[in-house]
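Trainee: Here is my input; please provide its structure:
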Amino acid sequence: AVSSHDKPVISLSLGLPGVFLLGGKTKDDTPVVPILVRPGDVMILGGHCRMNYHGMARVIPHRVPLPTMTETTIRARKQEQEEVITKTKTTKPRSSPPQYLSAASVIPKEDKEFLDQFLRLYRININVRQVLPDGVKKIPDDDV
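Mentor: All right, here's what the predicted structure looks like:
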């Protein structure tokens, strides 16, 4: 099958926190690095670790207190966010500012309450990856 492994995998975590494990190229490689993943965290696996063994070892129930982030960690995350924003700013001026809708304005109250309760009990992980190499528009028929 045709596939592209040179592009990163982007993973968005929602709901309960968990412990993500990042290993090496084989299951026997050490060290295996545990990473605390909180709701709203985005992880990017790219470059040499794109194909490393990885996965969620444990989901942490909402009643378990998490370690607090230190001021140093908060500053580092803020700086990383600012760097990403700076890198992604467009050089062309926009004809009009983007229009944003808040979740509160588009989600009915009963649905929001259900979603809040659901995310206190479960974990959702959304992964985005490019499967086909650049320029390939579809999977060849002989691979299906």
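
Trainee: any weak-confidence spans in the protein?
Mentor: For the chain, residues meeting the criterion pLDDT under 70 lie at 1-4, 69, 71-73, 76-77, 80-105, 143-144.

Trainee: one more time with 80, if that's ok
Mentor: The chain contains residues with pLDDT under 80 at 1-6, 67-106, 131, 140-144.

Trainee: and residue 17, how many residues sit next to it?
Mentor: 20 (other C-beta atoms under 10 Å). C-beta coordinates here come from the backbone N, C-alpha and C atoms, glycine included.

Trainee: OK, contacts around it?
Mentor: 36-39, 59-60, 66, 123 (C-beta atoms under 8 Å, 6 or more residues apart in numbering).

Trainee: quick one, what contacts residue 125?
Mentor: Contacts of residue 125 by C-beta under 8 Å, 6+ apart are 11-14, 56.

Trainee: Quick one: buried ones out of these?
Mentor: Neighbour-count burial (16 or more other C-beta atoms under 10 Å) is assigned, among the contacts of residue 125, to 11, 13.

Trainee: which of the contacts of residue 125 lies closest to residue 70?
Mentor: If you rank those by distance to residue 70 using C-beta to C-beta, residue 13 comes first, at 20.4 Å.

Trainee: could you point out which element follows the host helix or strand of the closest one?
Mentor: Per DSSP states H and E, residue 13 falls inside strand 9-15. Going down the chain from strand 9-15, the next helix or strand is strand 18-22, by DSSP H and E.

Trainee: Hmm, residue 8 is touching residue 45, no?
Mentor: Yes: counting by C-beta atoms under 8 Å, residue 8 touches residue 45, with 6.0 Å between them.
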